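K.L.:
need coordinates for the following:
(chains A, B, C, D and E)
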Amino acid sequence: MLMLIAKVIGTTVSTIKDEQLTGQKLLILQQTDETGAAIGKPYVAVDTVNAGVGDLVLTAHGSSARQTAITKDRPVDAVIMAMIDSLEVDGKITFQKT
Amino acid sequence: MLMLIAKVIGTTVSTIKDEQLTGQKLLILQQTDETGAAIGKPYVAVDTVNAGVGDLVLTAHGSSARQTAITKDRPVDAVIMAMIDSLEVDGKITFQKT
Amino acid sequence: MLMLIAKVIGTTVSTIKDEQLTGQKLLILQQTDETGAAIGKPYVAVDTVNAGVGDLVLTAHGSSARQTAITKDRPVDAVIMAMIDSLEVDGKITFQKT
Amino acid sequence: MLMLIAKVIGTTVSTIKDEQLTGQKLLILQQTDETGAAIGKPYVAVDTVNAGVGDLVLTAHGSSARQTAITKDRPVDAVIMAMIDSLEVDGKITFQKT
Amino acid sequence: MLMLIAKVIGTTVSTIKDEQLTGQKLLILQQTDETGAAIGKPYVAVDTVNAGVGDLVLTAHGSSARQTAITKDRPVDAVIMAMIDSLEVDGKITFQKT
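P.N.:
The predicted structure is shown next:
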């Protein structure tokens, strides 16, 4: 997988789940381009940086998604591990967190 | 891989299989968007939360799919690990389990 | 990756290969939908359930493909680990092995 | 990932690289169908079977790509692990190495 | 995943992130073909070879992305692990670093 630039668009509520997901914040995201415009289907990731709806973030996937204290050894294969302040492409700022 | 929002659409019967799959519930799913509308090809996952046809669920994949008691060390790379109660996007409830 | 419903469509002969693939049965498959109709590009998997051309099977991928006695620790990332007897979607049998 | 049928189309020269890639043969490939006709974007894999431009091969991916003596523990997630002699689909030879 | 030929197109600034990403250089890339022409969506990878905007590089993914000294055991699933000097396809140089 690739590390994706994505926007947090919503939240998931789940009471019946694997016990190891208890207390994990399951956010809905959509992959974006370098300007923050949506370019992908919705997917879910566990939040580890206190992200909220509207934030642009980075997500890591697969076994790498389990390399944080919050997701270690859990059935999780997508994690929000960074909040994006700004993106610059070809010398121009294409996204700036307001 | 990404954690997918998916609908359970059916079941798989298999008598000739790797012995480690004995007793595993193999459900057929289809990825959906945040409203529960189908957007993907059918795939199969092992159920660990007693899901049934029509339920909206979350699936985890790859080695993360083996991080549950039921799927540990087995040739399984997709698992249903959460039942979805509700999904909210941009402040609106886009799916609510009835 | 997802666990795929796939049809065995052919066989691969390879004499020059990593020594750990010696004796492994390399079958060619195509992903199908829940009726067995082809929907994907051809790919190769190691057979572990004595599948043959025409059979509908389940394949597991990535590190999960190495969780069988036959493929353990080998450079294999797709394995046939179940033969499909039948598939049922929305209460109707969509595939039945004849 | 799936094990892909692919054609070797070229070579990569890289002098500045992770030290663990020193001495690794980085070939450029394109996924093909069962006849050897190209159907995918170019990608790179480490060669372990002395393949050359024009050869049809099998590639394994992800952590399985590190299960060979040459690629063990290295930042490599695609490996050429078999040279294809022939492919047969629905009883007909669709590719034969000349 | 496949090892991708990609062009570095920009940089990511992130102050709120998993502590294990501190000091990691997060570059924005786009997959290219064998001539360096863009063919994919933007993604992010950790740099380990001092790459800069405009460079053509190789990226490795998944657990293989953690097999470098810089990314070991971190929530990283894409890494730049080689700078490309030149690419040759069917006997012709299709890319040469200037």
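
K.L.:
measure the residue nearest the centre of chain A to chain B for me?
P.N.:
When CA atoms, centre = their mean is applied to chain A, the residue found nearest the centroid is A:Ile80 (3.4 Å). Distance from A:Ile80 to chain B, counting by CB to the nearest CB, to the nearest Å: 11 Å. The C-beta positions use only the backbone N, C-alpha and C, and glycine is treated the same way.

K.L.:
starting at the chain centroid, how far to the host helix or strand of that residue?
P.N.:
Assigned by DSSP states H and E, A:Ile80 belongs to strand A:78-83. From the chain centre to the centre of strand A:78-83 is a distance of 4 Å (CA atoms, centre = their mean, to the nearest Å).

K.L.:
downstream of it, the next helix or strand is which one?
P.N.:
strand A:86-89.

K.L.:
how far does that following strand sit from its chain's centre?
P.N.:
18 Å.

K.L.:
ends of stretch A:24-36, how far apart?
P.N.:
Start-to-end span of stretch A:24-36 (CA to CA, to the nearest Å) is 25 Å.

K.L.:
indicate whether that stretch makes contact with chain B.
P.N.:
Yes: using CB under 8 Å from any CB of the partner chain, we find that stretch A:24-36 touches chain B at A:Leu26, A:Ile28.

K.L.:
and that stretch, does that touch chain E?
P.N.:
Yes: on the criterion CB under 8 Å from any CB, stretch A:24-36 is in touch with chain E at A:Gln31, A:Asp33, A:Glu34.

K.L.:
and for the first one, the neighbour number?
P.N.:
The local packing count at A:Gln31 equals 20, with neighbours defined by other CB atoms under 10 Å in any protein chain shown.

K.L.:
quickly list what it is bridged to.
P.N.:
Beta bridges link A:Gln31 to A:Ala6 when assigned by DSSP bridges.

K.L.:
touching, it and A:Ala38? I think so.
P.N.:
Yes: proximity of A:Gln31 to A:Ala38 meets the contact threshold set by CB atoms under 8 Å, at 7.4 Å.

K.L.:
follow-up on the earlier one: just give me the closest of the residues of stretch A:24-36 next to chain E to B:Lys72.
P.N.:
Proximity of the residues of stretch A:24-36 next to chain E to B:Lys72 (CB to CB) peaks at A:Gln31, which lies at 30.6 Å.

K.L.:
and the pLDDT at that closest one?
P.N.:
Listed pLDDT for A:Gln31 reads 97.

K.L.:
near chain C, anything from the strand holding A:Ile80?
P.N.:
No: using CB under 8 Å from any CB, strand A:78-83 stays clear of chain C, coming no nearer than 13.7 Å.

K.L.:
other SSEs contacting that strand?
P.N.:
Here strand A:78-83 touches strand A:38-47, strand A:56-61, going by 3 or more CB pairs under 8 Å, 6 or more residues apart in numbering or on different chains; DSSP states H and E.

K.L.:
as TSV, these with mean neighbour count would be great.
P.N.:
Below are the helices and strands packed on strand A:78-83 laid out as TSV (neighbours: other CB atoms under 10 Å in any protein chain shown):
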stretch	mean neighbour count
strand A:38-47	21
strand A:56-61	28
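
K.L.:
give the contact list for the closest residue to A:Asp47 other than its chain neighbours.
P.N.:
Nearest residue to A:Asp47, sequence neighbours excluded (CB to CB, 6 or more residues apart in numbering or on different chains): A:Lys25, at 4.2 Å. Residues counted as contacts of A:Lys25 (CB atoms under 8 Å, 6 or more residues apart in numbering or on different chains) are A:Thr11, A:Val46, A:Asp47.

K.L.:
distance of A:Thr71 relative to chain D?
P.N.:
From A:Thr71 to chain D the distance is 18 Å (CB to the nearest CB).
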